[in-house]
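*Asks:* Below are the sequence and a predicted model for it; my questions follow.
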6 protein chains.
Amino acid sequence: MFFHKQELHFQATPDQADAVYARKLQEVLGGQYGEITVAMQYMFQGWNMHTPGKYRDLVFGIGSEEFGHVEMLATMIAQLLEKAPVGVTEAAVQSDPTVAAVIGGTDLQHAIVAGAGARPLDSMGNPWQGAYITASGNLLADFTANANAEMQGRTQVARLYHMTDDAGVRDMLSFLLARDTMHQNQWLAAAAELREEGVEKLPVPSNFPQSKEHTPVSYQYQNFSDGQQASEGSWASGATPDGNGEFSYHDGPTTSAEMPPPTRPDARFYGTTDLPDSVEKMAGTAQDALKRE
Amino acid sequence: MFFHKQELHFQATPDQADAVYARKLQEVLGGQYGEITVAMQYMFQGWNMHTPGKYRDLVFGIGSEEFGHVEMLATMIAQLLEKAPVGVTEAAVQSDPTVAAVIGGTDLQHAIVAGAGARPLDSMGNPWQGAYITASGNLLADFTANANAEMQGRTQVARLYHMTDDAGVRDMLSFLLARDTMHQNQWLAAAAELREEGVEKLPVPSNFPQSKEHTPVSYQYQNFSDGQQASEGSWASGATPDGNGEFSYHDGPTTSAEMPPPTRPDARFYGTTDLPDSVEKMAGTAQDALKRE
Amino acid sequence: MFFHKQELHFQATPDQADAVYARKLQEVLGGQYGEITVAMQYMFQGWNMHTPGKYRDLVFGIGSEEFGHVEMLATMIAQLLEKAPVGVTEAAVQSDPTVAAVIGGTDLQHAIVAGAGARPLDSMGNPWQGAYITASGNLLADFTANANAEMQGRTQVARLYHMTDDAGVRDMLSFLLARDTMHQNQWLAAAAELREEGVEKLPVPSNFPQSKEHTPVSYQYQNFSDGQQASEGSWASGATPDGNGEFSYHDGPTTSAEMPPPTRPDARFYGTTDLPDSVEKMAGTAQDALKRE
Amino acid sequence: MFFHKQELHFQATPDQADAVYARKLQEVLGGQYGEITVAMQYMFQGWNMHTPGKYRDLVFGIGSEEFGHVEMLATMIAQLLEKAPVGVTEAAVQSDPTVAAVIGGTDLQHAIVAGAGARPLDSMGNPWQGAYITASGNLLADFTANANAEMQGRTQVARLYHMTDDAGVRDMLSFLLARDTMHQNQWLAAAAELREEGVEKLPVPSNFPQSKEHTPVSYQYQNFSDGQQASEGSWASGATPDGNGEFSYHDGPTTSAEMPPPTRPDARFYGTTDLPDSVEKMAGTAQDALKRE
Amino acid sequence: MFFHKQELHFQATPDQADAVYARKLQEVLGGQYGEITVAMQYMFQGWNMHTPGKYRDLVFGIGSEEFGHVEMLATMIAQLLEKAPVGVTEAAVQSDPTVAAVIGGTDLQHAIVAGAGARPLDSMGNPWQGAYITASGNLLADFTANANAEMQGRTQVARLYHMTDDAGVRDMLSFLLARDTMHQNQWLAAAAELREEGVEKLPVPSNFPQSKEHTPVSYQYQNFSDGQQASEGSWASGATPDGNGEFSYHDGPTTSAEMPPPTRPDARFYGTTDLPDSVEKMAGTAQDALKRE
Amino acid sequence: MFFHKQELHFQATPDQADAVYARKLQEVLGGQYGEITVAMQYMFQGWNMHTPGKYRDLVFGIGSEEFGHVEMLATMIAQLLEKAPVGVTEAAVQSDPTVAAVIGGTDLQHAIVAGAGARPLDSMGNPWQGAYITASGNLLADFTANANAEMQGRTQVARLYHMTDDAGVRDMLSFLLARDTMHQNQWLAAAAELREEGVEKLPVPSNFPQSKEHTPVSYQYQNFSDGQQASEGSWASGATPDGNGEFSYHDGPTTSAEMPPPTRPDARFYGTTDLPDSVEKMAGTAQDALKRE
C-alpha cells in the first residue's frame, strides 16, 4: 500500500514561470529515463522478486521515493506553466517575435489539453510507456539496469541545469542531482554485494552452465569494422572480468556458415518463387488446395 | 559504409519447423533487448562519439556484428515458419486440438502479413522502436547500458534455450549465449578502462561539480518503505563506490517542503477553482478578454 | 455504407494562412479527444451494439456527423498551411527572427511529409491511435465516456478559440463549440434515459450481483492521503447516487493483508534468490533439468 | 511524498497458479482503464489542480489507493505465474495439447522477459502509456472522465470474474468490484457537487460564453444516418440537461458550405496540380526559386 | 460531409461464430494495410489535394467506399464473436483442450474490453495508428502507395480466405478480393494517366531539376552485397524506366569519403572525449561556464 | 554478415552547424520513409525471400547501401548539432529572440538525451518503428512498396533541399536525390521484370483464382462521393491494366445487404440490450450462471 503525504520531498518552486523550460523538464518526468521510469521499474522489480529480505526492501524503499520525485517535477512544471499564454494571436506573433519563439518552444498539449498542467510524457511529447522499464527477476542484470538509469538520469538533469538560470529550479535540480549520485552509488554497491555474497556471478545468468555455450567464441573479440585500435583495449587481451577466461583479438569473424536455402512455405501464402514453372506448380498446389476445400 | 556477405556468422538451421517457437524467438530479434536494439545502440553511440580512437572502433566493431545476429535470427525464424499452416479451418481445429493450440501460440502476422516470414517486432507483436536505444554521449553511462543490455539479452536467450529441444535451434542459441558472455565482459572491461584512464569517473557525469549538488543528501539512504532490512546492505553504511563519501541510513526522508499553493493560470484555460466568487471573477476575466478581442 | 458529399458541414476558410496555428488545430483533429476519436468511437459502439433501436440510430447518426468534422478540420488545416514556408534558410532565420519562430512552432511533417497538408496526428505529432476509443458494449458506461469526450473536446476548442484572432477560423470553432454543446447534452440525456427506462442502473454493470462484491467496502471513502477536507464532500456521507447505500468516511484503509511470500518459479528462469545455498539448489535444479534434456 | 507499507490493501493470493489467467489480469493492471491509469490520472489531476481544498484531497486520497491496487494485481500476477512452464518442448506440445494450449494463451514476455513476473502492459501485450490519462484542469470534465474510467474498469473486472473459478482470485476481484462501486458513486457525487455549488456548470467549460457559439445549432439533433428512431429519444425534444435550451430534431444537416478551392502551396513542395501548363508554371517557379538560391 | 446508410455494401454474415477467426480478421480491419488505412489514406489525399477535378473525385469516391468496408468487417467480427466464451475456468480448460486452444487464439480485448465486439486494432492487438497512411501531395507517389496498399491488402485477404471454411465469411472475402482487384487496377491506371497527361513524370518529384542531383550516380547499380546475380537484371543495364538514362553495374560503391572528425560540442553536455587532459579542459570549460552563471 | 568500413558513401559535412536543420533531417533518417525504413525493409524482404537468385541479390545489395545512408545522415546530424546551445537561459531568450526561436525549432532530445547527437526518430520526435516496413513475400507487391518508398523519400529530400542553403548539406542531399532516382527506376524495372518473366502477374496475388472472387464487381468503379469527374478517367472505362477485364462506371454501389441483426453474446459480458424485460432475462442468465459457478 502507498500513503500520500501532502508535502514535497524538497522545495520545488521556480522564481518565475517559464513555459519553454516546463517542456524541457518533461524529459526527466516522463521520458525513457525519467522519474516515472525509475519509480515503476523499482516497484515492479520488488513485486516480481523471489526473496523477501534486504534487496526487496531496497527496491521498495527507493521506488517509493521516486514517486515523490514524479510529484516534485509535476508540481514544478505546473508552476512553470502558470503564466503560459493562451491568447496568442497572429498579430501578437508578428509584432513580437519573442512571443512567437516562446510558443514554438512549448509543449502545445500543456496548454490545449492540460490547461497549463503537467503531462506524463517526454520533452518531445511522446507518452511515457511501460516498455521503458526493466524487471527480469535476475537482480545482477536489473541492478546494472538501475545503475544505468541513474547515470542517464543524472546526465540529463545536469544538462537541464545549464538550460535555466532560475534559482528555484536549480535548487530542485541540485537535489535531484544529489539523489542520483546516491542512487548510482547504491545500485553499484548492491550489484557488488550480490557478487560478493555469491548470490549472482558473471556472466549473467550465472546458473546457466557455460559448457552449453559455444565456448570457442566466449571470449573472442571479433572486429566487424575496419578500425584497428580496438585491439588495444583491455577487452582484447588479458583476463576477463568474469574470471573465467582470457580475451583474444580477431580481425573479423572466426566462424561462418552458408546461408540456408530459401524457404518454400505453403503455396497459399502466395510468396514469389524464381521460376515460372515452379510458379505454375505453386498455383497448381494452391488451386488443388482450393478445390479440396 | 556496410558491406553484406551472403554467409551467416554461425549456422542457423532448425531440425524442423516450429511456428510457435518462431514467435518466441522474435523477442530476441525485435524486443526491447533484442539484436536490433544492440546493433542500433552501438552504431548510434559510434556516430555520436566525440573521440576517434579505440572506443569508437569498439562500438563500430561490435555493432556491425550484431546486425549479423539480426540476420541469423531472421533466417532462423523464416525456416521455423516454413511449415506454418495457412489452411486452418474450424473443422480442423475442432477435430485436432493440437492444431488449434499451435495457431493460438503463433504470431498471426507471420502468416497473414509476412507470408511465413520474420518481422521486426517482439514476441507479443509490438514493433521494434527507436525508443529502446541509449546513446547519451557519456561513455561510462552508455557502456553500463550496454552491459545491462547484454545481461538482459543473455538471460532471455537462456530462457529460450529451455523452451525448445530442437538441436539446430539450440546450436544457434549456444552461439548467441557465448557472444553475450563475451559482450558482457567486454563492456564491463571498457567501463573499467574509462575509469582507470581517468577519462570518466563516478558519479556520472563526473565533470559536473558535486559542489553544485545538494550535498547533504548525496549519500543518504532514505527508506520510503517500512522494510528494515535495507539498512543491512553495503549501500547503507561504509564508503561509497565513487570514493567521495560515506553512506548513511535514514528511516524516511531527511528533507521536506510544503506543497506550493495551487496555480492560477489564465482564466481562458477554463480550469476549475474552488470558490464560486472566484469563478465569477474568472468568468469575468475571460469575458473581459473575449471583449478585448 | 457511407456516402460522401463534396460540401462541408459548415464553412471552414481562414482569413489568412497560419502554419503555426495549423499545428495547434491538429489536436482536435487527431488527438486523444479529437474528431477522429469521436467519429470512430461512436461508429464502433454502433457496430458492436446489441440492440437495433434508437440508441444505435443515435450513435450512427452522430458518428457520421463527426467524420464530417474531421473533414472540416483537415480542410481548414490545409488552407492554414497554404503559405507554409519551404525555402527557409539559415540566413533568413538569422535576419528575421519571426521567420525562425514560425518554423519552431510548426509541425515539420506538415511541410516535409505532407507537402503543406493535414495529417492524422495530434499537436505534438503523435499519430492518432485506436487505443483512444471506448466501446464496451455497456451503454451507460459508454455514454458516460461520450459525455466526457465532448466535454474535453469543447474545452480544447474553447482554448484554441483564444489562440487565434482569425475571424474565419473562429467562425468554424464557434460551430464546433455549438455542436459540442449539443453532444454533451445529448449523451447526458441518453445516459439518463437508459436509467429511467431501467435498461441500465448504477453501479455499472448493474446486472452483476452486488452480493458478490466485498460489500463492507462498497461505500467507504478510504483516505490514503493526509488531507482532511475530503471528509466534507457529499462523497463521504449521505446516500450514494446509485441509491443502494450510505457513504462513510475512513482515514486510511479499513482492510489490509500480509504480502504473500515471494514466488519461486522454475529455476530455469534464472531469477535471483537470497541465499547462496538455495542458489546452488536452483543451479542444481537447472542443471538437472538440462541433463534430463 | 509517498510512503510504502509492505502490506496489501486486501488479500491477493490465488488458490493455484494459472499462467493463462495471469495474462488476462494484465488488462486491469496495465490496460487503457487499468489501475495504473486511474492511479496516474487522479494524481496528475491533483498536481495540476487550481484549488487546495476538498477536491484536491479527494483525488490525492483515491489516487494513492489506486497505486495500492496496482500492487495487489502485480503481486497476484506473479503468483499466478509461479508454475509457468519454461521447459516446453515441441515433443511435449505434440503429446499433450493442453500444454500447447496453455502456452498459446500466455503472455510470452511474462516468461521470456520477466522470468515469471508481472509487466506494465495490457492483456494483448501493449505497454501502458501516458496517453491513456485525462487531466484537463476542468474538474467537471475530469470527474466525468473518472466516473467513466471506474465504469469501464468495473465492467472489465466483472467479466474477468467469470473467467476463473479460483476462489482466491475471485476474492480479490470481489474487493476490486466493491471499490469500483464506491469510486463510481464518489465521482458522480463529486460532479454533482461541483454543479450544486455553482463552481462548474454545463456545458463544459461553462465560463466560455455561449453567445460566442454558433447558437442556431447548439441544441439540434442532426441525423447523418438513415435510422429514424433516434427522433424518439429524450435527446431529440424537450429541455436540455444544461437547462439552457430545447432539443430539436433534424433529418440531416441544417447547414452546409461549399468546399473551398484546393490549396496551391509553394511549388517547391512538389504537389500535383491538374493542368500540365500550370505544372510547367510550377516547375518554372521551382526552377526560378532554385536559380535565385 | 458523410451520410451513413444502415445497409452493408455486401452481405457479411458468418455461418457460425468463431472467436479465433475474429481475431485474424482484425488484421484487414485495423492493421497496417487494413481498411481503416485505405479509407483514411484516400480521404486525406483528397483533403490535401491541389486540384479539384477527376483525381480528387477519385480519392473521395473510393475512400468513402472503404469506410463501408470497415463497417462490413466490424459487423462480421461482432458476429464471429457472438458465442465468445466468457465463463472459461481452469477446470474447463483442463478437461477440454479445445477450449483452452480457442482462448489462446483469441483477442483477449474482444472479450474483456469490448464485451464481444470489434476493435480498431490489428491481429496482434496493436492499435491502428495514423502513421500508417501516406498522403504527400504528389499524386504519382501517392497512387503508387495506393496500388501497393491494395496489393498488400488483397494478399492478406487471400491468405485469410484459406484460414476458414465458413461459407458466409468466404462470401464476404470474395467481395473484398474483387474490390481489391478493381482498386489495384484503378490506381495503376491513374498513375499511368498522370504520366500520359504529362502532369507527373519520373523520377518523382519530376519538377526537381535533375541537374541538381549528383548525376554521376543517378543510374548506377552499386552492389553492397556479394551476390553476383543482380547484375543480370534489367536494373543493371539498358534504358531506365524514366527515359532519362542508362543503367550501369558496379560491384560496390563508386564514391567514398573519409568520416569527418568527431564532434566536440559544448562541454556542458558531458560527453566523453578520449584524452584525460582534454577532459580536464572540458571540465574546466564546464566549471568556467558554471562560474560565469 | 555485415562488415563496416570507416568511410562514408559520400561526403557529409555541413559548412556550419544548424541545430534546427538537424531536427528536420531526422525525418529522412528515422521517419516513415527514412533510411532506416528502406534499409530494414529490403533486408527483411531478403531474409524472407523464397528464391536465391537475382531478386535476393538485389534486395541485399541495395539494403546494405541504405544502412550506409543511415550512417551518412547520423554523421551529418551530429555535426549540425556541434554548436547546439546548452546554456540557454531565460535572460538570453528574452534579449535575443533568435536564440529562443532556434530552441523552439530544435529536437530537445538531441540536447537533453543524446548530448548533441543523432537519434532514431523522425522530425516530430516519434521513434522509428518496425511497423513502417513491408515484406510480404510477394515480390510484385513488395517492389511496388519499394518504388513508393523511394518516391516518398525523394520527395522529402527535395523539400529538405530547399530548407537550407548550406552547401555541404546540399551536396549530401544531391547525392541522396541521385540514389533515390536510381532506386525508383530500379524497383520499377524489377517489378516489370517479374511480370515479363511471368513470375508474377496482376492482380496481386495472381495465383489466387479470380473465379473465387465476386467477379461482378471486379472491374466496377463505384462512386461513393458526389463528384462526377471520376467517370472521365481511364479507370472508369476501357481495358484494365491486368488485361483481364473492362472498367465500368457506376454512380454508387451496385450491391447492398441488410445489416444483420444485433448480436446477443453471453449475458455475463454485461452488454446493454434494448428492452428491460430482456435485461431481466439477461440478468437472470447471469445470475443463473453465477449460481452454477
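*Replies:* Everything's here; your move. Small disclaimer: the values here were computed from a predicted structure and weren't measured.
*Asks:* I'd assumed residue F:110 was in contact with residue A:123.
*Replies:* No: judged on CB atoms under 8 Å, residue A:123 makes no contact with residue F:110 at a distance of 10.2 Å. (Each C-beta comes from the backbone N, C-alpha and C, glycine too.)
*Asks:* mean confidence score for stretch A:195-208?
*Replies:* In this model, stretch A:195-208 carries a mean pLDDT of 95.
*Asks:* quick check, that stretch touching chain D?
*Replies:* No: if you take CB under 8 Å from any CB of the partner chain as the test, stretch A:195-208 misses chain D, and the best it gets is 9.1 Å.
*Asks:* How about that stretch and chain B, touching?
*Replies:* Yes: Stretch A:195-208 lies within reach of chain B by CB under 8 Å from any CB, at A:202, A:203, A:204, A:205, A:208.
*Asks:* just stretch A:232-247 next, same as before
*Replies:* Yes: applying CB under 8 Å from any CB, one finds stretch A:232-247 touching chain B at A:232, A:233, A:234, A:235, A:240, A:241, A:242, A:245, A:247.
*Asks:* Filter those residues down to just the ones in strands.
*Replies:* Taking DSSP state E as the definition of strands, those contribute residue A:247.
*Asks:* Show me which pair in the residues of stretch A:232-247 next to chain B is furthest apart.
*Replies:* By the measure CB to CB, A:232 and A:242 form the most distant pair in those, at 21.3 Å.
*Asks:* higher neighbour count, these two?
*Replies:* residue A:242 (19 against 14; other CB atoms under 10 Å in any protein chain shown).
*Asks:* ok, and the closest non-adjacent residue to residue A:174?
*Replies:* residue B:214 (4.5 Å; CB to CB, 6 or more residues apart in numbering or on different chains).
*Asks:* Surely residue A:237 is in contact with residue A:230?
*Replies:* No: if you go by CB under 8 Å, residue A:237 and residue A:230 don't touch, sitting 11.2 Å apart.
*Asks:* what sits in contact with each of those two?
*Replies:* Shared contacts of residue A:237 and residue A:230 (CB atoms under 8 Å, 6 or more residues apart in numbering or on different chains): residue A:249.
*Asks:* The two: which has the busier surroundings?
*Replies:* Applying other CB under 10 Å to residue A:237 and residue A:230 shows that residue A:230 carries more neighbours, namely 25 against 13.
*Asks:* Does the residue in the stretch 151-293 of chain A that chain D sits nearest to belong to a helix, a strand or coil?
*Replies:* At 9.1 Å from chain D, residue A:205 is the closest residue in the stretch 151-293 of chain A, using CB to the nearest CB. Using DSSP: H, G, I helix; E, B strand; the rest coil, the structure places residue A:205 in coil.
*Asks:* which residue packs closest to it, ignoring adjacent ones?
*Replies:* Residue A:205 sits nearest to residue C:270 (CB to CB, 6+ apart), 3.4 Å away.
*Asks:* Give me the neighbour count for the one you found.
*Replies:* Applying other CB under 10 Å, we find 29 residues neighbouring residue C:270.
*Asks:* thought it was touching residue B:160?
*Replies:* No: with contacts counted by CB under 8 Å, residue C:270 stays clear of residue B:160, the gap being 11.7 Å.
*Asks:* quick one on the thing from earlier: are any of the residues of stretch A:232-247 next to chain B buried, and which?
*Replies:* A:233, A:234, A:235, A:240, A:241, A:242, A:245, A:247 (16 or more other CB atoms under 10 Å in any protein chain shown).
*Asks:* got those residues as CSV, with distance to chain F and pLDDT columns?
*Replies:* Formatted as CSV, these follow (distance: CB to the nearest CB, whole Å; pLDDT from 0 to 100):
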residue, distance to chain F, pLDDT
A:233, 17, 96
A:234, 22, 97
A:235, 18, 97
A:240, 24, 98
A:241, 26, 98
A:242, 26, 97
A:245, 24, 97
A:247, 21, 98
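*Asks:* For the stretch 1-150 of chain A, which residues are neighbours of chain F?
*Replies:* So the stretch 1-150 of chain A meets chain F at A:16, A:18, A:20-21, A:23-24, A:27, A:31-33, A:97-98, A:100-106, A:122-126 (CB under 8 Å from any CB).
*Asks:* buried subset of those residues?
*Replies:* Those of these that meet the buried threshold are A:18, A:20-21, A:23-24, A:27, A:31-33, A:97-98, A:100-106, A:122-126, by 16+ other CB under 10 Å.
*Asks:* Next, please give the residue ranges for the strands of the stretch 51-200 of chain A.
*Replies:* Using DSSP state E, counting those that start in this stretch, no strands are found in the stretch 51-200 of chain A.
*Asks:* Check it for the residue nearest chain E and tell me.
*Replies:* Closest point on the stretch 51-200 of chain A to chain E, by CB to the nearest CB, is residue A:162, at 4.6 Å.
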